[in-house]
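Colleague: take this sequence and fold it.
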Amino acid sequence: MIELTTDYMGLRLRNPLVASASPLSYTLAGVRRLAEAGVGAIVLYSLFEEQLREQAMHDAKLIDGPADSFPEALDYFPEVVDEDASPHAYLKLIERAAAAVDVPVIASINGATPEGWTGYARSMQEAGAAAIELNIYYLPGDPATSGRDVEQRHLEVLRLVKEAVTVPVAVKLSPYFSSIGELALRLDEAGADALVLFNRFLQPDIDPEALAVVADIGLSNPRDARLPRTWIALLRGRLRASLAATTGVETAADVAKYLLAGADVVMSASALLRHGPQHALTLLDGLETWMRRHRFHSVDEVRGLLAVPPDTDQAAHERAGYVIALRAANAGSYSLS
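Modeller: This next block holds a predicted model:
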């Protein structure tokens, strides 16, 4: 018998496959479909910090009368006070989802500043969220902003939310730091219950014919998994926090690779959007088939089998991997321009 149960930041899950934040969890029906497809936990779609601010201003406007104007930044979210997309509706979805499915429901906040998260994080917990994922989506546009300031912002957001709630808190990171490992250690010491590697910056593109900036959000593919898998393999065994893998999960083999690298859970959104929630069953069945073929009886036997041992010189290890990859490419006559 294959044992897929796993632990993720103190939560006991029936398997390591987690549905990450996406439009699939925008409704109660969507949450139910994901749970019925077999995932171990569900991260609800992300609520934006801007939505919280606009809702607060909307409420104040109803109480105090018309305001002169809204901040310019909120023009990007003209519909967030709509009944179906408001922060109030998000809390209602948490409450209904937590009561309707038998897997943990994790709330997600997407923001960039330390302010405005704590009160709502507490409300998410009270509504029934089993945990909270902080999707700190911050791309500093000011060239005078230092790297240390960016890192400190992440730590401050985590500190404030941890002071406000008692449920586990995960931090979803981007890969764009000068030293991912050092920041991971600092977040771990600051109390992060999990690190989710990695967030993808979904930036607009340029249409050279229309002479316009256009939205162009592409789904991930398996090649995108190499960077997060590398860091998970390096961080495994060096942190107290759980490690969640996200990006590039299309097949059961991708799930297996992340587990071998050391991930506690493997998150998927793009594949479930492409193929539908039922694709989760395909991934889980494929994982069990792979485990039987290799005579693994539990996920615990797989996890971290190919992680970098803690006593390894990590810099030398990565350098050796780089050199080996180049030699393999040269042997295959690939262009390295």
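
Colleague: so how far is Glu156 from the nearest residue to Glu163 once chain neighbours are set aside?
Modeller: The shortest distance from Glu163 to any non-neighbouring residue, by Cβ to Cβ, 6 or more residues apart in numbering, is to Thr118 (7.1 Å). To be clear about C-beta, it is placed using only N, CA and C from the backbone, and glycine gets the same treatment. Distance check for Thr118 against Glu156: by Cβ to Cβ, to the nearest Å, it reads 11 Å.

Colleague: quick one, which of those two is more surrounded?
Modeller: Ranked by neighbour count (other Cβ atoms under 10 Å), Thr118 and Glu156 place Thr118 first, with 17 against 14.

Colleague: need the pLDDT of that one.
Modeller: The predicted local distance difference test score for Thr118 is 82.

Colleague: one more: Asp207?
Modeller: Reading off the model, Asp207 has pLDDT 89.

Colleague: go ahead and confirm the residue nearest to Glu163 touches Ala164.
Modeller: Yes: the pair formed by Thr118 and Ala164 meets the contact definition of Cβ atoms under 8 Å, at 4.0 Å.

Colleague: can you give me the strands for the chain?
Modeller: 6-8, 11-13, 17-19, 41-43, 47-48, 105-111, 131-136, 169-173, 194-197, 205-207, 212-214, 242-246, 265-268 (DSSP state E).

Colleague: which secondary structure elements does the shortest one sit against?
Modeller: With contacts taken as 3 or more Cβ pairs under 8 Å, 6 or more residues apart in numbering; DSSP states H and E, strand 47-48 sits against strand 105-111.

Colleague: count the residues that sit near Leu4.
Modeller: Here the number of neighbours of Leu4 (other Cβ under 10 Å) works out to 17.

Colleague: and if you look at Asp224?
Modeller: Neighbour count of Asp224, defined by other Cβ under 10 Å: 19.

Colleague: now do Ala261
Modeller: If we define neighbours as other Cβ under 10 Å, then Ala261 has 26 of them.

Colleague: and it, how far from Ser22?
Modeller: Taking Cβ to Cβ as the criterion, Ala261 is separated from Ser22 by 23 Å.

Colleague: just checking, Leu47 touches Ser108?
Modeller: Yes: with contact defined as Cβ under 8 Å, Leu47 counts as touching Ser108 (6.7 Å).

Colleague: so who does Leu272 touch?
Modeller: Under the criterion of Cβ atoms under 8 Å, 6 or more residues apart in numbering, the contact list for Leu272 reads 19, 22, 24, 34, 279-280.

Colleague: Ala100 now?
Modeller: Applying Cβ under 8 Å, 6+ apart to Ala100 gives the contacts 28, 31-32, 35.

Colleague: pLDDT weak spots in the stretch 51-200 of the chain?
Modeller: Within the stretch 51-200 of the chain, the stretches falling below the threshold (pLDDT under 70) are 51-85, 112, 115-116.

Colleague: go with 90
Modeller: Counting by pLDDT under 90, the stretch 51-200 of the chain shows low-confidence ranges at 51-87, 110-120, 136-145, 176, 199-200.

Colleague: helices along that one, start to end?
Modeller: When secondary structure is read from DSSP state H, counting those that start in this stretch, the stretch 51-200 of the chain shows helices at 87-100, 118-127, 147-164, 180-189.

Colleague: show me what counts as buried in the second one.
Modeller: Looking back up the chat, that one is helix 118-127. For helix 118-127, a neighbour-count test (16 or more other Cβ atoms under 10 Å) marks 118, 120-125, 127 as buried.

Colleague: got it, and the third one?
Modeller: Neighbour counts using 16+ other Cβ under 10 Å place 150-151, 153-155, 157-158, 160-162, 164 of helix 147-164 among the buried residues.

Colleague: and what of the last one?
Modeller: Residues of helix 180-189 classed as buried under the neighbour-count rule (16+ other Cβ under 10 Å) are 180, 183-184, 186-188.

Colleague: low-confidence ranges in the stretch 201-337 of the chain?
Modeller: The stretch 201-337 of the chain contains residues with pLDDT under 90 at 201-207, 211, 213-223, 310-337.

Colleague: switch the cut-off to 80
Modeller: The model of the stretch 201-337 of the chain has pLDDT under 80 over residues 201-204, 215-218, 310-337.

Colleague: before we move on, back to that, who wins on neighbours among the contacts of Leu272?
Modeller: When those are compared by neighbour count (other Cβ under 10 Å), Ala19 ends up highest, at 28 neighbours.
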